[in-house]
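Peer 1: Give me the fold of what follows.
(one chain, ligands or ions: 1)
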Amino acid sequence: MEIGILDIKGSLPCFEYFGNLPTKIIDENNIKDIKDLDMLIIPGGSIVESKSLNENLKKEIVNFDGYIIGICSGFQILSEKIDIGRKSPVPIIREGLGLLNVEFSPLICTDRVKATLETDSILGKKGTVGEGFHCHTYGNIKITDKKTKPLTISEVKKLNYKMQKTCKNIISGAVCGKVIGTMVHGFLDNEHIRNNILDNLKVDEEERKKILEKNKEVMKKLKLRGLKFRNNTNKNITNTENKKEIRGIILLATGSESGKTFLTTAICSKLDGKVLVSKIGPDVRDIVPALYLLREPMLKYSSIKISDRGWCEVSEYLNYLKNSNYDYVIIEGVMGAFTGALNKKNYSGAEIAKLLNFPVYIVSACNKSGIEGAFVESLAYYSLLKEMGIKVEGIILNRVYNFNVFEKVKKIGEEIGVKVIGIRKVEMERRGLIPEVEIDYEEFCKLAMELDIQLEIPKVEIKGINEENKNFEDYLKEWSKKIKNIT
Ligand SMILES: NC(=O)CC[C@H](N)C(=O)O
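Peer 2: Residues are numbered from 1 along each chain as shown. Below you'll find the model as predicted:
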């Protein structure tokens, strides 16, 4: 039994485990081997956005007569067409392979879901339920012909950033003969789904063992291939020592669109060792570029809940870290550090940073109020975060366009003991580099790797939740009084 996993530009072969089924890596160099496979798994990623399929690869996939399972991006390329024109006044249509009679258009979802099989397939009988998660920008599915049947229905709560009043069932997969597609990542990692596949392919015990053995090797290789993205090629990507220190930071911004995702990705590209990258709040799409270069899987711990939104509670997160062997933990904040703080308790990035008790860097971009304005704004954030008892490691001014000016604010920072780091402006105006509308992981990661960024990442002590009775309003009042005293 030979099960291929496609590892090409923009694909995420380590995002999930695919039931530990893959026994062979298929890339640009051995596409001729596709025809000899029993099954081809096409992972998620930005395969459409990265324009990764060349004519030869297309031909091999279309002519392949074994099973094909496409997940998310892998599903999209099996369809007829994909409109990736999010926030574009006109649709931006990319042709798919047409193996499934499906059309895709923008629909954002990052929920963890229960998904139910709508029809019998090698994944199991109709009515079988599995778990997994969505992580897409273009996930609206229209089936255009009866030949193709809905495969999975997902129960979702949040679509296009909006909480639904009640849980909604959306079509999340399609099947036509031996071609299968689903948006649900991790679906094959459900033990019973994996077993159904092996049963339906009539794989005996002996062969199952062989598959597992081969899969271990495949996983190792896939992971090592990711090193091409690490600037720091000490090649130490697995930390085997038990008790050792974890270093970590949280990037909290003064507002959205400050380039947090780009910085998170760039920082991860410089690190050596085992890295956990997580997002405060539910929008796990932001950490996918970092996972792309780290070749780490998306985990429940990839999203830290902010109020009731997201995947795992702060306490669960800290527990997980306590028993982990990570060298680094990089956490990307959400919107501005204080956005939502007066709304409900623990509704802001700053409050989550406090609960985690991790050091923080404040990120402020210079493109709105200039280097001067960004510095002033960050200082205000700095002092209020301090007021809240949060450790602030420093200020990162992003998109610095003039280093003479920057040096002046840096010096002023030095005089008061505040570390100010300047990151040069990177030209990122075109689609494919803007996470919010379209992102090509390969291009985005290449740019991130080239970024010169040197940060002190301090040791963190993983304790229990750092909870206090005071709420944000109290801190804000106290801090405001101090400002009043200046006048
Ligand atoms: N996770 C994925 O495979 C994402 C697919 C595609 N890039 C989208 O955002 O819709």
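
Peer 1: Now name the helix or strand holding L251.
Peer 2: Using DSSP states H and E, the element containing L251 is strand 246-253.

Peer 1: which other residues reach that strand?
Peer 2: Contacts to strand 246-253, defined as Cβ atoms under 8 Å, 6 or more residues apart in numbering, come from residues 260, 263-264, 267, 280, 321, 324, 326-333, 335-337, 349-350, 353, 356, 358-365, 381, 385, 393, 396, 455, 457-460, 462. From N, CA and C alone the C-beta is placed, and that goes for glycine too.

Peer 1: again, 7 Å this time
Peer 2: Outside strand 246-253, the residues that touch it by Cβ atoms under 7 Å, 6 or more residues apart in numbering are 260, 263-264, 321, 326-333, 336-337, 349-350, 353, 356, 358-364, 393, 457-460, 462.

Peer 1: can you check stretch 116-125 too?
Peer 2: Outside stretch 116-125, the residues that reach it (Cβ under 7 Å, 6+ apart) are 67, 126-129, 149-153, 175, 180, 193, 196-197, 200-201.

Peer 1: Buried among those residues? Make that a ChimeraX selection.
Peer 2: Of those, the buried ones go into a single ChimeraX selection, burial set by 16 or more other Cβ atoms under 10 Å:
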select :67,128,149,150,151,152,153,175,180,193,196,197,201
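
Peer 1: If we check the ligand, which of the contacts of stretch 116-125 are in contact?
Peer 2: For the ligand, no contacts are drawn from the contacts of stretch 116-125 by Cβ under 6 Å from any ligand atom.

Peer 1: follow-up on the earlier one: what lines up beside the strand holding L251 in the sheet?
Peer 2: Strand pairing for strand 246-253, determined by DSSP bridges: strand 328-336 (parallel), strand 360-365 (parallel), strand 459-460 (antiparallel).

Peer 1: for the last one, the distance to its chain's centre please.
Peer 2: It refers to strand 459-460. Averaging C-alpha positions (Cα atoms, centre = their mean, to the nearest Å) puts strand 459-460 23 Å from its chain's average.

Peer 1: same deal with stretch 281-295?
Peer 2: Mean C-alpha position of stretch 281-295 versus that of the full chain (Cα atoms, centre = their mean) differs by 2 Å.

Peer 1: again, but for stretch 463-479
Peer 2: Stretch 463-479 has its C-alpha centroid displaced from the chain centroid by 30 Å (Cα atoms, centre = their mean).

Peer 1: list the buried ones in it?
Peer 2: Buried residues in stretch 463-479, counted by 16+ other Cβ under 10 Å: F472, Y475, L476, W479.

Peer 1: And stretch 329-337, by the same measure?
Peer 2: V329, I330, I331, E332, G333, V334, M335, G336, A337.

Peer 1: Pull the residues that contact it.
Peer 2: Residues contacting stretch 329-337 (Cβ under 7 Å, 6+ apart): 246, 248-256, 260-261, 264, 267-268, 275-281, 286-287, 306, 321, 348-350, 358, 381, 385.

Peer 1: Restricted to strands, list those.
Peer 2: Of the positions in the contacts of stretch 329-337, 246, 248-253, 275-280 sit in strands, assigned by DSSP state E.

Peer 1: per the record, what domains does this protein have?
Peer 2: Segmentation of the chain into domains, based on automatic domain parsing, reads 3-226, 231-486.

Peer 1: Using CSV, please lay out those together with mean pLDDT.
Peer 2: Below are the domains of the chain laid out as CSV (pLDDT from 0 to 100):
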stretch, mean pLDDT
domain 3-226, 97
domain 231-486, 93
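
Peer 1: wait, I92 sits on R86?
Peer 2: No: using Cβ atoms under 7 Å as the test, I92 is too far from R86 to be in contact (8.5 Å).

Peer 1: Those two: who's more crowded?
Peer 2: Each of I92 and R86 has its neighbours counted (other Cβ atoms under 10 Å); R86 has more, 19 against 15.

Peer 1: what residues does the chain put near the ligand?
Peer 2: Residues of the chain lying close to the ligand (Cβ under 6 Å from any ligand atom) are G44, G45, S46, E49, C72, S73, C135, H136, T137, Y138, G139.
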